[in-house]
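predicted structure and sequence below. I'll ask about it afterward.
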Amino acid sequence: MSFVNLSRRTLLKAGAASLAASALPFGIARAQTAVVLGIVYVGPKDDFGWNQAHAVSVETLKALPGITVVEEENVPETDAVAKSMESMINLDGANLILATSFGYYNPFVVDIAKKYPDVTFRHAAPLWNKDTDPANAGSYFPYLNQAHYVDGVAAGLSSPSGKIGFVAAKPIPSVLSNINSVLLGARSVNPNAVVQVIFTGEWSLPVREAEATNALVDAGCDVITCHVDSPKVVIQTAEGRGVKTAGHNASQAPLAPNGFITGAEYKWETIYKAYADAIAAGETPPNFLVGGYHNDMLRNTAYGAGATPEAIAAADAAIAELKAGTLKIYKGTLKDNAGNVVVDKEYDNYDPYLDGMNWLLEGVQGSIT
Amino acid sequence: MTAETADAILPAKRSSSVRVLKLAETVAIPVGAVVVSALLFSVFLLIIGKDPLQFWSLMWTGGFGSSFSIQNSLQRAAPLILTGLAFAIPARIGLTMIGGEGALVLGGFAAAAIAIPLVSNVVPPIVTLPLMAAAGMLAGGLWIGLVGWLRHYRGVNETISSLLLSYIAIAIMNFFVEGALRDPASANKPSTLPIGDTYRIGSIPGTDVHWGFAAGIVLAIALWVLMSRTTFGFAARMTGGNARAAKAQGLPVGWLMVICCIIAGACAGLAGFFEVAAIHGQANASLVAGYGFTGILVAFLARQNPLAVVPVAILFGAIAAAGGVIQRRMGLPDATVLVLQGMLFVVLLVSETFYGRFKFFQPASSGDRV
C-alpha cells in the first residue's frame, strides 16, 4: 500500500512530469539486466485456448529470478493495444513486450517499436520484415500443424468410422494447413479417413461453434477437433454428444474426461525463456523465430481416455519423427478437393509455399469459398 | 446574497440565480452518482478481498497521473466523444438510437474504400483526407438517417432498427473486406488496402493524441450551439418533449427526426474515419471495437448534453486507460472495470429520479413566481 501512496504523491507533485519520471517510483525497473516482461492478450487469460496457452507459459517464467511479468487481457486490436504497450513501458518499466494477437502487429507494434527503440518487441505471427520493420521488433511462431498432424494420427486410430469433424474459424492459410494436416495424419494410419470441415467465419463465435459441432456429430463424425480461439465450447459440446475429441492451442483435457484423445498445443515457454535469457545477458533475442517439434516449440496434450493403445503408439512414433526432422507432412502428389494437383514433391515442413495455402486436400469435405 | 433578496431587488438577476441553481443541480446529481457508485464499487472490492485505496490510486495513476496517462485517456476518449454525440442528438428529439456502432463501422469502411482509388492515383493527402472524412460522415449519416426515416414514415421502432442495422453494417463491411476490396497481402487478417503512412492523419502537435479528439470537441460545441441556441434545436427539443404537441404547432416532426439521425450518423461515421485515418490505416474487423455502445453510456452520463459528453468521454477514456494498470498491478481481471461501468450506469439511472427532489436546488417559493 505504502508505495502506492508514495507514488501517487510523487506523481501529483510532478504534475505533467516527464514520462520517464513516472516510471521510477514503482521500483519495478531494477538493475539493467532485470527483465520486465509485458504481455498483451486479445481475450481472457483462461479461455482454454490461444490466450491461455500464452498465459500458462508466462506463468512458468514468473518463478524465475530476475523476471517480472506484467499481463493485460482483453486488449482489442485497436489503438488500445498501442496504449497498453506504452503504459507497460512507461508505468511498469517493461523492456520486453510480447504482443500475442495477429492484428496487433501492423500498425501498432511497428509504430510503438519505432517510438521506443530501447525496448524489445516480439509478436506471435510470422510478420516481421527485416527490410521495412524496426530492428527492435520481431516475430515468433511455431507451426502448430505438426501437432495437428499428430492429432490426426491419433484420431485416425481412435475413430471407428474414420470420419473426423473439424470446426474452423476462417479459411486462412494457417487454419487450412491444420485441417489438411489432420487429414494427412489420419490417412497415414487409415487411408479411408475423411475430414469434414465447417467454417464459422469468426475467431470466437461460441453459438455457431456449438451448432457446427452438433452438425458434424449429426453427420456421423465420431472425432471432433477444431481451430478457433477458444475450443472450450466445441470440446464440451462434443463430449456432451458422446463423441471423441482432439484439442487445439492449450489443454482441453479437463473438459472431456471420457472422449479426449490428445491435442495440439503451443509450447510458448521455450520461446519466452529464450527471450528473457537473451535480454538478461544483454543480448538481442532473435528477430525471427519459427519452429515446431524439432526445436521444442510444440507439444501434444497428454493422452486422454479416448485414445486407443494403437493410437498412442502411432502418435508417439510420429512425434519422435517430427522431433528428429525426418517426417515431412506435405509430400508426394496431392490433389485438392476440386481435383487440382497442389503438391507434387516433398516440401519441408517450413516451406514458404505452404504459408500461402489456399486449398483443402482431397478427403476434406468442405469449401473455403 | 441569497436567492430571495436577489429576486426581490433585482428581478433581472432572479432568472440567472435560478439558472445557477439549475446548473448546480445538473452538475451535483451526476457527480453525486459517480461518488455513490465509487463507494459501492469499493464495497465490491472489499468483498473480493482487494484494497479499494490501491484501486483508486491506480485509477488516478493510470488515467491522469502523468502526461502519458492523460494523453492515454484523451486518445481513448476521442471516439467516445463522437459516438456519445451520436446517441445524445437523437435523444434530444426523443429517439433512443443505439446504432452508433454500425455507423462508425460503415463510416470507417467508406473512408477506407474511397481512399483506395485516391491513394493509388497519388492524390495529395490534403484532398484525400477531407474526401475520406466526407465519405465517412455521409455513409454514417445516411445509415442512421434511414433509421429516422423508417421511424417516421413506417413507424419502425428506432431502437430495434438501429441495433439490427448495426449488425447489417458490420456484415456489409466484412463482405467487402473479405471479398471485392480485400488487399491480397492481408492473407490472415482480411483488410482493405492500407492508405500508407503519408496519408495517416497525425497527432495534435506536441501530443500523442490524434486529431479525432479535437474534432470531437469542436463538434460537441457546435452541436451544443445547434441544440440550445437555434430555432432548429428548439424545435427538436420541443419534439422530444412532446412530439404530438410539436406536430400540432406545425413543426415538421418527421424531418427533424431524420435530420437529427443524419447528424448522429455523421458523428459516428466521422469517428470511423478517424479510426481508419489516424489509427488503422485500413478497414478491417478491428473497427468493431464497441465504441458505438460505450458511447451510449457516455451520452447517458452526460444527460444527452453535447458539451457534457466531452468530460464524460474523458472519464470513460481514463477508466479504460487505468484498466490496464489495474490488471497488471492488482491482478484483477479485465471485467473489473466493466463492473465499475455497470455500477456507474445503474446508479446513474436511479439518480435520474432525484431531479427536483432536493430543496437545496429549488429557488425559494419558485412555484408562484416562475
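Happy to help now that I have it. Residues are numbered from 1 along each chain as shown, chains lettered A, B, ... in the order given.

quick one: is stretch A:127-139 near chain B?
No: for a cut-off given as Cβ under 8 Å from any Cβ of the partner chain, stretch A:127-139 has no contacts with chain B; the smallest distance is 8.7 Å. In short, each C-beta sits where N, CA and C put it, glycine included.

what's next to that stretch, contact-wise?
Residues from elsewhere that reach stretch A:127-139, judged by Cβ atoms under 8 Å, 6 or more residues apart in numbering or on different chains: A:105-106, A:109-110, A:113-114, A:116-126, A:285-290.

measure it end to end?
End-to-end distance of stretch A:127-139 (Cα to Cα, to the nearest Å): 6 Å.

any idea where the strands of the stretch 101-250 of chain A begin and end?
Taking DSSP state E, counting those that start in this stretch to define them, one finds strands in the stretch 101-250 of chain A at A:120-123, A:139-142, A:163-168, A:194-199, A:223-227, A:244-249.

those: which one's closest to A:A324?
Distance to A:A324, taken as Cβ to Cβ, is lowest for strand A:139-142 among those, at 17.0 Å.

any idea how far the residue of the stretch 101-250 of chain A found nearest chain B is from A:L144?
Residue nearest to chain B within the stretch 101-250 of chain A: A:I172 (4.7 Å; Cβ to the nearest Cβ). Taking Cβ to Cβ, to the nearest Å as the measure, A:I172 falls 13 Å from A:L144.

which one's more surrounded, these two?
Between A:I172 and A:L144, counted using other Cβ atoms under 10 Å in any protein chain shown, A:L144 has the larger neighbour count: 23 against 19.

just checking, the more buried one touches A:W268?
No: at 11.2 Å, A:L144 and A:W268 do not qualify as touching, with contact defined as Cβ atoms under 8 Å.

now, of the contacts of stretch A:127-139, which are buried?
Buried by 16 or more other Cβ atoms under 10 Å in any protein chain shown: A:105-106, A:109-110, A:113, A:116, A:119-126, A:285, A:287, A:289-290, out of the contacts of stretch A:127-139.

residues contacting the closest residue to the residue of the stretch 101-250 of chain A closest to chain B other than its chain neighbours?
Nearest-residue entry for A:I172: B:N188, 4.7 Å, with adjacent residues in sequence omitted and distances by Cβ to Cβ, 6 or more residues apart in numbering or on different chains. When contacts are counted by Cβ under 8 Å, 6+ apart, B:N188 is found next to A:F102, A:A125, A:I172, A:P173, A:S174.

bridged to A:G38, which residues?
Applying DSSP bridges to A:G38 gives these bridge partners: A:V70, A:I97.

what about it, neighbour count?
By the other Cβ under 10 Å criterion, the neighbourhood of A:G38 contains 26 residues.

ok, the residue sitting nearest the centre point of chain B to chain A distance?
If you average the C-alpha coordinates of chain B and look for the closest C-alpha using Cα atoms, centre = their mean, you land on B:G84, 1.2 Å from that point. Here the distance between B:G84 and chain A works out to 17 Å (Cβ to the nearest Cβ, to the nearest Å).

thought that residue was touching B:A299?
Yes: counting by Cβ under 8 Å, B:G84 touches B:A299, with 4.5 Å between them.

quick check: closest non-adjacent residue to A:T60.
Of all residues not flanking A:T60 in the chain, A:E269 sits nearest, at 4.9 Å (Cβ to Cβ, 6+ apart).

how about the residues of the stretch 251-369 of chain A near chain B?
Counting by Cβ under 8 Å from any Cβ, the residues of the stretch 251-369 of chain A close to chain B are A:G356.

point me to the residue of the stretch 251-369 of chain A nearest chain B.
A:G356 (7.1 Å).

anything in contact with each of B:G84 and B:A299?
Applying Cβ under 8 Å, 6+ apart, one finds that B:G84 and B:A299 are jointly contacted by B:V309.

quote the end-to-end distance of stretch A:280-287.
Across its full length, stretch A:280-287 reaches 16 Å between end residues, using Cα to Cα.

my error: substitute stretch A:197-210 in the last question.
Counting by Cα to Cα: the opening and closing residues of stretch A:197-210 are 14 Å apart.

and the contacts of that stretch?
When contacts are defined by Cβ under 8 Å, 6+ apart, stretch A:197-210 is touched by residues A:43, A:165-171, A:179, A:212, A:215-216, A:226, A:228-230, A:233-234, A:237, A:360, A:364-366, A:368.

stretch A:344-354 too?
A:143, A:146, A:173, A:177, A:290, A:292, A:322, A:328-334.

what residues of it count as buried?
Neighbour counts using 16+ other Cβ under 10 Å place A:Y347, A:N349, A:L354 of stretch A:344-354 among the buried residues.

which of those residues fall in strands?
Where the buried residues of stretch A:344-354 are compared with strands, as defined by DSSP state E, there is no overlap at all.

just name the closest of those residues to A:Y303, please.
Each of the buried residues of stretch A:344-354 was checked against A:Y303 using Cβ to Cβ; the closest is A:N349, at 23.0 Å.

thinking again about what came up before, need phi/psi at the residue of the stretch 251-369 of chain A closest to chain B.
Listed backbone geometry of A:G356 is phi -100, psi 20, with angles given as degrees, to the nearest 10.

then A:Q365?
Dihedral pair for A:Q365: phi -100, psi 110, per degrees, to the nearest 10.

so how far is A:G185 from the nearest residue to it once chain neighbours are set aside?
Taking Cβ to Cβ, 6+ apart, and ignoring the residues beside it in sequence, A:Q365 has A:Q196 as its nearest neighbour in space, at 4.4 Å. Going from A:Q196 to A:G185 by Cβ to Cβ gives 15 Å.

so for these two, which residue has more residues nearby?
Looking at A:Q196 and A:G185 with other Cβ under 10 Å, you find the greater number of neighbours at A:G185, namely 31 against 17.

which residues touch that one?
By Cβ under 8 Å, 6+ apart, A:G185 lies in contact with A:H148, A:Y149, A:V150, A:D151, A:G152, A:V153, A:A154, A:A155, A:G156, A:A318, A:I329.

ok, A:Q236 next?
Contacts were defined as Cβ under 8 Å, 6+ apart; by that measure A:Q236 touches A:L255, A:A256.

which pLDDT value goes with it?
Per-residue confidence at A:Q236 stands at 97 (pLDDT).

how far away is it from A:P206?
Relative to A:P206, A:Q236 is positioned 10 Å away (criterion: Cβ to Cβ).

confidence score at the residue in the stretch 101-250 of chain B that chain A sits nearest to?
Shortest the stretch 101-250 of chain B-to-chain A distance, computed as Cβ to the nearest Cβ: residue-wise this is B:N188, at 4.7 Å. pLDDT, B:N188: 75.

and the lowest mean pLDDT element among the helices and strands of chain B?
With mean pLDDT, DSSP states H and E as the measure, the helix or strand of chain B carrying the lowest mean pLDDT is helix B:3-9 (a mean of 45).

distance from the following helix or strand past that helix to the middle of the chain?
Going down the chain from helix B:3-9, the next helix or strand is helix B:11-47, by DSSP states H and E. The chain centre lies 21 Å from the centre of helix B:11-47; the measure is Cα atoms, centre = their mean, to the nearest Å.

does helix B:11-47 reach chain A?
No: between helix B:11-47 and chain A, judged by Cβ under 8 Å from any Cβ, nothing touches; the nearest distance is 13.4 Å.

buried sites along that helix?
Buried residues in helix B:11-47, counting neighbours by 16+ other Cβ under 10 Å, are found at B:14, B:17-18, B:21, B:25, B:29-30, B:33-34, B:36-38, B:40-42, B:44-45.

chain B: helices as residue ranges?
In chain B, the segments counted as helices under DSSP state H are B:3-9, B:11-47, B:52-63, B:67-92, B:100-120, B:125-154, B:158-177, B:211-229, B:231-241, B:243-248, B:253-274, B:291-301, B:306-330, B:335-351.
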